[in-house]
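Student: Generate a structure from the sequence data that follows.
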Amino acid sequence: MIALFFLVCIALVLIELVKGLSANGTPPVLQRFSWQLDLAYFMWSNIKKFRIILIAALILILFAMTIEQRGTVIMGGIVLGLIWGGIHWLFHHYWVGKVKFQPLKNPVFATGADNKIDPKVPVMGVNINGKQKAYPTSMLFYHHQLGDDLGGQALWVTYCGLCRSGRIFDRTVDGEALDFQLVGAINYNAVLKDLQTNTWWRQETGEAAKGHHSGKELAEIPFEQMDMGNWLAKYPDSEVLQHDPGYVQAYNIRDKIMNYEVSLPGWHMQETPALVIGVEVDGKATAYDWDEMKKHRMVMDELASTPLLVLSATDESYAFVYDRTVGGEALEFAFKDEVLTDTKTGSEWDRFGRCTSGEMKGKELNSIQSYQQYVRAWATFHGNTSFYDFNS
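Tutor: Numbering: from 1, shown residues only. Predicted coordinates for the structure are as follows:
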C-alpha cells in the first residue's frame, strides 16, 4: 500500500507538470512534433478529471492503510504535495499565457497629430472602408492579441513573438464576434482559445485546431507592415494605438528584442535569427531572405503567374510587395540612387507603389500581402514554400 500511495502521488505531480509544459515553457524537443497540440489539448481538457481520480485514489489508499503505514508516508506525502502545489501555482498563476502576457483591457487610440509613439516603431496597419488603424508590434508582441473593430468589421489583431509573425483576422464566426485569451506556445506558435466555446486557434493560420469550431478558419484581413512614420505619411488620418502606461517597460524590452539589442527568443538557438519576407499567392508560397533583400533593395519575381515587385524600405526595416502589372502589362523596374523608375516610360514611383511623375503619374500598383517573420516559422506553416535565389 505504501508503494501504491507514492506511485499515485508521483502520478499526480507528473500529470500537473506535463499539463503545464505541454503549452507553456515547452522544451524545444517537444515543439518539433505535430502531436504536441493533441497532447496539450488532451491534458488541458482532462486535467480536472485526472486530479479528482488521483486524489480520490489517495484518499481510498489512506483509508485502507494501517495507522503505522499512514505514519510512514506522511512526510513523503507532504513533500510531494508541496511539489505538486508549486507546479500548480507556477503554471496557473505565473508561467501561463494569460498571466505572463496580460491582455490589453482598455485600448486607447489617438489621431496621427496626437500620436505619442516613436515614428521608428514598427506597426501593423489596416485600411478598411476608408478608415485606418495602426497597431505597434511592440505592444502586440507583449499582449499577443487584441480584439477590435474598424469599418464595420470585427478584427482580431495578433502577433507571435516566437515567430515574429503578425496576422489580422475577422473574428466573426457563425455571426458571433469571438473574444480570445492566450493559451501558450505550441509548435513554435501562439495558440489562443476563444472565451465563447473554448476552441483553440492557431495564431499563424487562424485555424480552429481543437474544440467546438475545429476545422474552421478565420478570414484573414489584409494589412501592411512598416514603421509608424511611413504609415502616417501614407495614411495621415489614421488612428494609432497608444502605449498603456502600465506596460511601457514590457513594450520597450520587446522593441529591443525586435531590434536585436537584447537576448533573442531562446527557442531559435542561433546567434542571428534568419528573417524572411514571406508571400503567398493562390496557394503558392515563396520567401525572400531579409539580409539579402536589404542588400539588393529591389527584386522582380513571379509567383503563381503574378509578377511581383519587392522593395526594401529606405531604413531597411521592412519591405513592400506589389503586383507590378499595370494596364495588363507586367512592368520592369530599375532602382538607382533611391529612385524607382519603370523602364518602359521612365516614370518615377514611390515606396507606396504610386507613380509620382512621368507618363504614368496617377497609376498605382496593387499591394500583395506579405509577412516579415522568422524563416523557421514561415517554413513550418508553408511547407511547400520556395526561396528566392538572389544569385541567379
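
Student: Now do the same contact list for residue 218.
Tutor: Contacts for residue 218 (C-beta atoms under 8 Å, 6 or more residues apart in numbering) come out as 156, 169, 170, 171, 173, 201, 206, 207, 208. Every residue, glycine included, has its C-beta placed from N, CA and C.

Student: Pick the one among those residues closest to residue 34.
Tutor: Of all these, residue 207 has the smallest distance to residue 34: 13.1 Å, by C-beta to C-beta.

Student: Now do the spatially closest residue to the closest one that is not a sequence neighbour against residue 209, distance only.
Tutor: Of all residues not flanking residue 207 in the chain, residue 217 sits nearest, at 5.0 Å (C-beta to C-beta, 6 or more residues apart in numbering). Separation of residue 217 from residue 209 (C-beta to C-beta, to the nearest Å): 10 Å.

Student: Looking only at neighbour counts, state which of these two leads.
Tutor: residue 209 (19 against 14; other C-beta atoms under 10 Å).

Student: From the recorded domain assignment, give the ranges for the chain.
Tutor: Segmentation of the chain into domains, based on automatic domain parsing, reads 2-95, 109-258, 274-387.

Student: Select, out of those, the one closest to residue 101.
Tutor: When these are compared (using C-beta to C-beta), the closest one is domain 109-258, at 5.3 Å.

Student: what's the offset of that closest one from the middle of its chain?
Tutor: Domain 109-258 has its C-alpha centroid displaced from the chain centroid by 8 Å (C-alpha atoms, centre = their mean, to the nearest Å).

Student: After the lowest-mean-pLDDT helix or strand in the chain, which helix or strand is next?
Tutor: Least confident element among the helices and strands of the chain, by mean pLDDT, DSSP states H and E: helix 248-258 (a mean of 73). Using DSSP states H and E, the helix or strand that follows helix 248-258 in sequence is strand 275-281.

Student: Quick one: end-to-end distance for stretch 142-160.
Tutor: This stretch, stretch 142-160, spans 9 Å end to end (C-alpha to C-alpha, to the nearest Å).

Student: what's around the nearest residue to residue 90 once chain neighbours are set aside, how many residues?
Tutor: Spatially, and ignoring its direct neighbours in sequence, residue 90 is nearest to residue 20 (6.7 Å; C-beta to C-beta, 6+ apart). By the measure other C-beta under 10 Å, the count of residues near residue 20 is 23.

Student: Report the separation between the residue positioned nearest the centre of the chain and residue 287.
Tutor: What sits nearest the mean C-alpha location of the chain, by C-alpha atoms, centre = their mean, is residue 160, with 2.3 Å. Here residue 160 is placed at a distance of 17 Å from residue 287 (C-beta to C-beta).
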